[in-house]
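Student: Provide a 3D model corresponding to the input given below.
(4 chains, ligands or ions: 4)
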Amino acid sequence: MAEITLVEAVNQALAHELGADPRVILFGQDIGANGGVFRATDGLQKRFGAERVRDTPLAENMIAGIAVGMAVQGLRPVAEFQFMGFIYPGLDHILSHAARYRNRTRGRLSCPVVYRAPYGGGIHAPEHHSESTEAIFAHIPGLRVVVPSSPARAYGLLLAAIRDPDPVVFLEPKRIYRAVRQEVPDNGEALPLDRCFRLREGSDITLVAWGAALKETLQVAETLAEEGIEAEVIDPATLKPLDIHSIIDSLEKTGRCVVVHEAARFAGLGAEIIAQINEYAFDLLKAPVQRVTGYDTVMPYYRLEDEYLPDTGRILTAVRSTLDYPPGGGR
Amino acid sequence: MAEITLVEAVNQALAHELGADPRVILFGQDIGANGGVFRATDGLQKRFGAERVRDTPLAENMIAGIAVGMAVQGLRPVAEFQFMGFIYPGLDHILSHAARYRNRTRGRLSCPVVYRAPYGGGIHAPEHHSESTEAIFAHIPGLRVVVPSSPARAYGLLLAAIRDPDPVVFLEPKRIYRAVRQEVPDNGEALPLDRCFRLREGSDITLVAWGAALKETLQVAETLAEEGIEAEVIDPATLKPLDIHSIIDSLEKTGRCVVVHEAARFAGLGAEIIAQINEYAFDLLKAPVQRVTGYDTVMPYYRLEDEYLPDTGRILTAVRSTLDYPPGGGR
Amino acid sequence: MHKPRLHPVASFDINHLQYLDERGQASQALPDSATPDLLQSLYRQMNLARLVDQRAVQLQRTGQLGTYPSSLGQEAIGVAVGSAMATEDVYCPYYRETGALLERGVEIEEILAIWGGDERGQNYQHAPQDLPLCVPIATQLLHAAGVAFALQYRQQQMNEPARVAVTCAGDGATSKGDFYEALNLAGVWKLPVVFVINNNQWAISVSRGAQTASRTIAQKAIAAGIQGLQVDGNDVIAVRTAVADAVERARNGEGPALIEALTYRLCDHTTADDASRYCPPEELEQARAREPMERLGSYLRDQGYWDDGAESEMQREQAEVMERSLQAYRSKSPAPPTAMFDHLYARLPEALLEQYQELQARDSAGQESG
Amino acid sequence: MHKPRLHPVASFDINHLQYLDERGQASQALPDSATPDLLQSLYRQMNLARLVDQRAVQLQRTGQLGTYPSSLGQEAIGVAVGSAMATEDVYCPYYRETGALLERGVEIEEILAIWGGDERGQNYQHAPQDLPLCVPIATQLLHAAGVAFALQYRQQQMNEPARVAVTCAGDGATSKGDFYEALNLAGVWKLPVVFVINNNQWAISVSRGAQTASRTIAQKAIAAGIQGLQVDGNDVIAVRTAVADAVERARNGEGPALIEALTYRLCDHTTADDASRYCPPEELEQARAREPMERLGSYLRDQGYWDDGAESEMQREQAEVMERSLQAYRSKSPAPPTAMFDHLYARLPEALLEQYQELQARDSAGQESG
Ligand SMILES: Cc1ncc(C[n+]2csc(CCOP(=O)(O)OP(=O)(O)O)c2C)c(N)n1
Ligand SMILES: Cc1ncc(C[n+]2csc(CCOP(=O)(O)OP(=O)(O)O)c2C)c(N)n1
Ligand SMILES: [Mg+2]
Ligand SMILES: [Mg+2]
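Tutor: Ligands and ions are numbered 1, 2, ... in the order given. Below you'll find the model as predicted:
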């Protein structure tokens, strides 16, 4: 079997569901003949027709809004936003309607839509092309927020997102769209949307990260392993609803934790994870949970992008000081 | 001096700045002859003219967007959104532009705009009229997010917001628009946007809340006082940038903390406060910080609204179990 | 200055349709569809809408209902729209829709429940496909475009019968991007959707003239390359004919239309509003003379299709219906607090179980102590 | 079916303006403003814009620049717009704007810096009031409306001279609510703003025909009750005349205008795009024949306003300017990491001090070890 990249796995999942379910339709800007600006929908219009893989006029509010109408009338729309930075015009429909249709009508109508967007920085793109505002969506009741971090998880989680009876915001870490290749059998098997993935076992410290930030996080875990420190690495993947219990389980072993994300720190999802650790695992904690995140400023234009993003150096520093807590009291 | 309500204090501050600074202009839906649906702008069009207190067409994206253009060309626009639930169409301009203009142009242009909106539940209004999504704005670098909780603070903070050289999202807790009256001298004195207000001193537990939730929080503090428990009550007021140090200072005394907010819990601002307490005051903490918040569901239609909002009972329960931590180990 | 020579590349006309003038006289021959039966039924339904409105406002005044938006004076629009649709079509309402909802089979007690702060009212028992009332201005127009796409797709790809989406909004709503984006998409995708604008001259306190410089609302269709028509919105026959025609064309694959129905809001914006703060009384007075009920009533009487007997019979019947609905509304037991989680997701996620149980515990505690 | 009688209530014409036809022949007498001096300067500026574009694309190909959007074939629009404005007017660009920016006095190295990933390019040294390049589609149109309001207000309330906002966007941008909301507000508030649409037939891979069913983009003005005009966007004289007229009217308080400039994108959307995936080669070929530079060049030569000598002189001069700018671009030392906080707020809030210091520490560590 050929090895495929994350973005190819997205394509494979979309193709699978288009083939399996006539209610599935794809739409967005440039997803047809052009195959999407990242080629996530490459070849799909040719295979499934322009009725089912449609270019839209240039209006994200419209994309978000018509998806609601399509979904409540029995389709399974999968809408692509070209970049996460261009979702904002569509937020109103996502927050005020997609997230609420089932609740508002007491289950009479529902809104099984998937809003896909490439997200995160690191590809030297212009302004607005490097957003990581998953926390905004994660705050909204009624949504699911899913971030894959490998080709296999992209495939399985996207299948699950499309089949899910409720709206899902599916954020694809574009920095690792082509970072690794993996064999991903096109077997139509979905992955669960209600639990974390443990990417590495360890008992010294728990590292929580998602999306592209896992790349550096796993590298750090390797570095630590060379020193005999075993980090457990957890990818929540589904950020909302969050499976906190898998994280707590890990803390039972480690008592120490660092959370890594690209998004700005203040009111980012790291905060929620720390809050729940505080609530559920207060007595387990041997050190304050640290966050390694994007800075609380606008993602700079690309010359300074690498200074903004969490790198292995910053993660390592945080891990070491967490392990050495209390300072001087060392392990 | 007459005692005025919070919404009258807003009106007084707006009038003061319209009088003091010809660059200040107000606009929004129904703010002119109608004086705003909550009468926050009552009489202002008559006093200052229809050029300076303007009704707009019905488009929040437009309201948010033109404010940017006005501000970068030397005006001091104060835009009213009729309800916080109707800001979302305007989010793009607030997040992508207002928050970034200064940074993007390296200080060449700036965006001193105030986006005002009544927020929060509790007035038995229809759907979308009870939002508390301050966490969304607080996540965005470049913004200030301010929530007054008394007539005097509404006056002083709104003056500060209008005079601030950067964009401010000013959220007015409409449930307490008319809850109390206070003497508020119209002396043009602004309050600082960079520190918490300590509303009550105490050394047994720190209660952090803002906006309308302070009403119940202060009630709980009174109840506790009758039992000889002294709660310190802190109103951050400026939620971003957050003055965490005043909260930490309080924890130095109390070692225990409960955060109260109306917004949904998950990825709400309570999480950030807990995360920072964890980071800055880990060793001070005698009990996990608890959150008393709106539930992680859509704010229900008004029949169930009171079940959704944090009430004194829920706050008391959280306070008691925080004080009694570890369970059985009592204080 | 020398005037340049310009080449015309496109030209457009906007037309107005009326059958019954302000005095209830036919200003042109009525369409065949305007049978006595239909006209009587439109009259009845307008009357019922007005009755429900009146009672709802009373309920609000006595603390039995939340904020309520009456449609006084605009009943012709909702009733005509509802009546012009086929049952299997999909209606995408805004909030000032009592007449249309009643035509669509929504129960009076459902309407009251919605404004009475109870989501269960949106779970229409007899209009299962229609969208719930929509509060955020103009958003329903995009939902309607999406619905229309789904209907078109299901017809073409899944061999289902042709269906149409119909949606309404106010004049204020036409200033919002959603309106234009919906029209534009409907045009370029040739969607089976009909947009009806209740131009009641006000968006709360903002006058029609302060919303837009365009001479008519109907001409906004030109921007999207779709059909636009203005109708006398106080003439139920004109509205119904225009909407029925547009629905038929949409059903036949001929694309969308925008219909502007000219009327006047003869009431406060909602029970939370006080129109005397901004509405010139003369204007209101003049508008009253053009309202739709008397106009149709006097035509019906002139034609011998209606008389005092029919009128009092109708009033009696409708009063009864209203009374039963009020009973049903008042006697409905409240939903338990946990209901706020029941339909958030298809299944309650584990992460929410604790919160659910907290509410459950509070509820039983409340019931025991209460 | 019986056809109802309709009353026309409004009618509209959309016109097209051209002075130079595809072969560079005057299709009507040129306006007085089209002096030899002006035409030569427009020609030079178009050539410079094309040169900057070419070099920028080369820089990108060799890894010295990020993604870059060329305006090949569309130079007439930007140059005409920039040239039609007064210095003190305010320009609100989108991103495909090299020609206009150069006219406005923005330095080539500033343009390169922007696309080279450095915010400092947006700090225009010689166009201090103009807005920075705008990436989110159509948002600049609302900023322009806001700017226009500020200018109007400052004139009326603060006795400043009359100024005008001018803004550009692509054909794709006209599908977004912002476009319509901006036009609508400009209409009803009679704002001094001119909206120019670069209709280059593509929004990345989405064709003009897939954006909207409206026959022209110009007719979208009708929805807002404002002036709409279509011009030959490859005829720099037509664009400049139309924009200058509209700017004058706006300055005189006569309100806003929408100008659609018909052209064709003779290049990939950006350096990140591959137009061969979707653009029919015949269409591209035909469009090439209509491009604006040769058209004006051949007119100038026909009139005796230009010759080989002038051409080679210009090329030499511009090559030099470009070379100097490239040097300046390449030699600019990078901003320190802390720069990302320098202009976030007017003053760094205390809450951010720690993060600032962390970056500072990293920077000095980096410099020491590096
Ligand atoms: C997005 C949004 N903004 C503001 C409001 C508050 N609001 C409710 S009704 C209304 C006026 C609507 O006017 P119009 O569209 O003419 O409809 P009408 O009420 O006159 O029928 C406003 C501003 C809202 N519901 N949604
Ligand atoms: C809101 C938003 N959505 C999507 C994009 C990505 N994008 C960049 S350019 C473009 C096409 C724009 O087409 P058009 O308006 O015709 O301008 P042109 O590039 O052709 O000059 C798109 C979709 C964006 N920048 N902003
Ligand atoms: Mg109206
Ligand atoms: Mg284009």
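Student: quick check: closest non-adjacent residue to residue C:131.
Tutor: Leaving aside its sequence neighbours, residue C:131 sits nearest to residue C:92 (C-beta to C-beta, 6 or more residues apart in numbering or on different chains; 4.5 Å). For every residue, glycine as well, the C-beta is placed using N, CA and C.
Student: for that neighbour, give me its contacts.
Tutor: Each residue near residue C:92 by C-beta atoms under 8 Å, 6 or more residues apart in numbering or on different chains is listed here: A:69, C:130-131, C:134, C:140-141, C:143-144, C:147, C:165-168.
Student: just give me the longest strand of the chain.
Tutor: Let's take chain A. Counting residues, the longest strand found in chain A (DSSP state E) is strand A:257-264.
Student: meant chain C actually
Tutor: If you go by DSSP E, chain C has its longest strand at strand C:7-17.
Student: mind listing the strands for the stretch 101-250 of chain C?
Tutor: C:165-170, C:193-199, C:202-203, C:206-207, C:227-232 (DSSP state E, counting those that start in this stretch).
Student: what do you get for chain A?
Tutor: Under DSSP E, chain A gives strands at A:3-4, A:24-28, A:53-55, A:76-80, A:114-119, A:144-146, A:168-173, A:182-183, A:197-200, A:205-209, A:231-235, A:238-240, A:257-264, A:290-294.
Student: just send these back as TSV, with distance to residue D:304 too.
Tutor: Converted to TSV, these look like this (distance: least, C-beta to C-beta, whole Å):
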stretch	distance to residue D:304
strand A:3-4	64
strand A:24-28	53
strand A:53-55	48
strand A:76-80	55
strand A:114-119	55
strand A:144-146	67
strand A:168-173	60
strand A:182-183	68
strand A:197-200	75
strand A:205-209	70
strand A:231-235	72
strand A:238-240	70
strand A:257-264	61
strand A:290-294	61
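Student: is stretch C:274-288 anywhere near chain B?
Tutor: Yes. Judged by C-beta under 8 Å from any C-beta of the partner chain, stretch C:274-288 and chain B are in contact via C:277-278.
Student: could you measure whichever residue of the stretch 51-200 of chain C sits closest to ligand 3 against chain A, distance?
Tutor: Closest residue of the stretch 51-200 of chain C to ligand 3, C-beta to the ion: residue C:170 (3.5 Å). Using C-beta to the nearest C-beta, to the nearest Å, residue C:170 is found at 18 Å from chain A.
Student: so what's that residue bridging to?
Tutor: Judged by DSSP bridges, the bridge partners of residue C:170 are residue C:198.
Student: need the per-residue pLDDT for it.
Tutor: pLDDT recorded at residue C:170 is 98.
Student: ok, how many other residues are close to it?
Tutor: Using other C-beta atoms under 10 Å in any protein chain shown, residue C:170 has 27 neighbouring residues.
Student: quick one: residues contacting it.
Tutor: Shown in contact with residue C:170 (C-beta under 8 Å, 6+ apart): C:94, C:96, C:137, C:197-200, C:203.
Student: what about 10 Å?
Tutor: By C-beta atoms under 10 Å, 6 or more residues apart in numbering or on different chains, the contact set of residue C:170 is B:58, C:69, C:74, C:94-96, C:137-138, C:197-204, C:208, C:211, C:217, C:265, C:269.
Student: buried members of those into PyMOL, please.
Tutor: Buried residues among the contacts of residue C:170 (16 or more other C-beta atoms under 10 Å in any protein chain shown), as a PyMOL selection:
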select buried, (chain B and resi 58) or (chain C and resi 69+74+94+95+96+137+138+197+198+199+200+201+202+203+204+208+211+217+265+269)
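Student: from the contacts of residue C:170, which land in helices?
Tutor: Secondary structure assignment by DSSP state H places C:208, C:211 of these in helices.
Student: where does the stretch 1-150 of chain C get nearest to chain B, residue-wise?
Tutor: Taking C-beta to the nearest C-beta, chain B has its nearest neighbour within the stretch 1-150 of chain C at residue C:117, 3.4 Å off.
Student: number of nearby residues for that residue?
Tutor: When neighbours are counted by other C-beta under 10 Å, residue C:117 registers 21.
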